Structure formats: structure tokens, C-alpha cells
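Colleague: Here is my input; please provide its structure:
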Amino acid sequence: MTGLRPAPAGDVDYEAGGVGYADQRRPDPRIAARVHAALGAARTVVNVGAGAGSYEPRDRYVVAVEPSAAMRAQRPRGLAPAVDATAERLPFDNGAFDAAMASVTIHQWADRDRGLRELRRVARGPVVILTFDGDELDRLWLGGYVDGMTAAEAARIPAIDHVRAVLGGTSLVEEVPVPFDCTDGFTEAYYGRPERFLDPAVRRSQSVWNFVDPAAARRGIERLERDLATGAWDARFGALRTQPEFVGALRLIIAHP
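Modeller: Down below sits the predicted model:
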């Protein structure tokens, strides 16, 4: 099936809101290095929920899966076109790939458990998932400005132990430090660059804002703008401006059969 779907494949409509996503969410090379190392010796990889191609290795044979036409259109030159399919129904044989990967996407799937089982089904080797730990989202100060943000995001993110249980086999979880100049514009990327949240284009590329009450979001951004102008933010959090990395909620799950 090609073209626009009658309804979003996940909990965010990227046909309507995905334009410009690739400009703000460019893969960070340091995070990418961790993802690629976790793939081990795999030569064939399926990237599920591939979006605009973030974190796809270019030195292996990769098949990307992405249900949003708007996101597929933003894949850069040099990457193969993505297959129009969803995580819950991968059109591949059992064990078709050496490894499977999913980067900052499983919290958006309509049926997360089914999608995780599909990752395990099509991969002979490791399943590598870049995700967040919902219990650690409050490490970032932003939730203190926007009422309901942390709770809304936590409600979307499957528990790390649950993901591991669904994938089965043996697995490990790594904390992924976020560098100060991170190029992938998820919320924690701007832990020490608070002015970036004042840019509507930045917020549009962070799906959590779709789940926050608009009035609460507006109040939070207005308060942040005032605190930046008065120095109140720097009085509380200014040390983050020179902190080289931030260990927040970003996690890498590496599951072997």
C-alpha cells in the first residue's frame, strides 16, 4: 500500500505534522555510534519506524520501514526508499535479517507488543531499541514549566522491563548520555540550551507537545521566556549551560534471542 493512510499509523499524525522534522531531528553521531555498536556484526538490518532515516547505518544493508509518506519523503539522498508498512505487520519472512532496530519510535506504535514481537520475529540476531525510561523523565527541568508534560509523555512510553519481557531472550539496558550540542532535537537535547524551546519549529518536531493541553503549553513557554529574560532560569539551572552531557531518560535496549 502506498500514499496517505486513512488514519495515522501511530499516536501522532506525521502526515500533518511531520513537515520539517528532518531539519530539527538530525541524528547525533555520538548516539549513532552507540546504536551501530549494539548491532554488532550484523550485515543486514531492518529499521522499523525509520522516519527520515535517523541512525540508519550506511555500511550495512538496511531495509527501512516507515508508514508516513511525509516522513519517507524526507529521507536524505544515499538512503534507500523506505517500505510503506507498520511495525505491527512487517512484510518479511521469519529471520529475514541479521538484526532489527527501532529508534525513538516504539512509544508511538498503535500496538507496541505486537510490533516488538514482529521485530523479534524477523531478526536472527539482536534487536536494538533506542527509547526512553518513563520513570526518569523528570530528570529534565522542562516538566516543571509545562503542567502535565511529564505525565503525558510517561503514559506513552512502555516500561523498559516490559519491553525486555516481550522481546524475550537475554537483554541489557544502557543509559545514553546526551551531549550538550546534540543535533537530534528531542526534548533532552536542549537541557542546557533552553532558548531553543521558544522556537515553534523545535516544538513541532517533539511529539510530546501533541499530548499537552495547549493552554498549559502556552503558559509554560511564556513562563520560560520570562525566566530567561529575568535570569531566573539561569539562577536555578545555569550550570547546565556548561555541562558537557546530560544523563536523562534516553536508553538503549539490546536484546538477543
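Colleague: count of neighbours near T183?
Modeller: As a burial measure, T183 scores 16 neighbours (other Cβ atoms under 10 Å). (C-beta placed from N, C-alpha, C; glycine too.)
Colleague: Let me see the contact set for it.
Modeller: 26-29, 189 (Cβ atoms under 8 Å, 6 or more residues apart in numbering).
Colleague: Closest to V46 out of the residues you listed?
Modeller: P27 (17.4 Å; Cβ to Cβ).
Colleague: residues near the closest one, how many?
Modeller: 19.
Colleague: Surely it touches R58?
Modeller: No. Judged on Cβ atoms under 8 Å, P27 makes no contact with R58 at a distance of 10.9 Å.
Colleague: Mind picking the two most distant members of the contacts of T183?
Modeller: P29 and A189, at 13.3 Å, using Cβ to Cβ across those.
Colleague: among the contacts of T183, who's most crowded?
Modeller: Most surrounded of the contacts of T183: other Cβ under 10 Å gives A189, at 25 neighbours.
Colleague: tell me the secondary structure for the closest residue to that one other than its chain neighbours?
Modeller: Of all residues not flanking A189 in the chain, C182 sits nearest, at 3.9 Å (Cβ to Cβ, 6 or more residues apart in numbering). Secondary structure state of C182, per DSSP: H, G, I helix; E, B strand; the rest coil, is coil.
Colleague: What is the burial count for C182?
Modeller: 24.
Colleague: before we move on, what about I221?
Modeller: 17.
Colleague: Please, which helix or strand holds it?
Modeller: helix 214-230 (DSSP states H and E).
Colleague: just checking, what packs against the helix or strand just after that helix?
Modeller: Following helix 214-230 in sequence order, the next helix or strand is helix 232-237 (DSSP H and E). Packing partners of helix 232-237 (3 or more Cβ pairs under 8 Å, 6 or more residues apart in numbering; DSSP states H and E): helix 214-230.
Colleague: now the strands: where do they sit in this protein?
Modeller: Using DSSP state E, the strands of the chain run over residues 44-48, 61-65, 99-103, 127-132, 170-175, 178-179, 245-246, 250-256.
Colleague: Tell me what angle the second one forms with strand 44-48.
Modeller: Going back to what we said before, that points to strand 61-65. 20 degrees (axes from the mean of the first three to the mean of the last three Cα atoms, to 10 degrees).
Colleague: average pLDDT across strand 61-65?
Modeller: For strand 61-65, mean pLDDT is 96.
Colleague: now it: how far from the chain's centre is it?
Modeller: Put simply, strand 61-65 sits 17 Å off its chain's centre (Cα atoms, centre = their mean, to the nearest Å).
Colleague: now the farthest one out in this protein, which residue is it?
Modeller: Residue farthest from the centre of the chain, counting by Cα atoms, centre = their mean, is T230 at 32.8 Å.
Colleague: Looking at pLDDT only, which of the contacts of T183 scores worst?
Modeller: R26 (88).
Colleague: how far away is that residue from T183?
Modeller: To T183, R26 is 4 Å away according to Cβ to Cβ, to the nearest Å.
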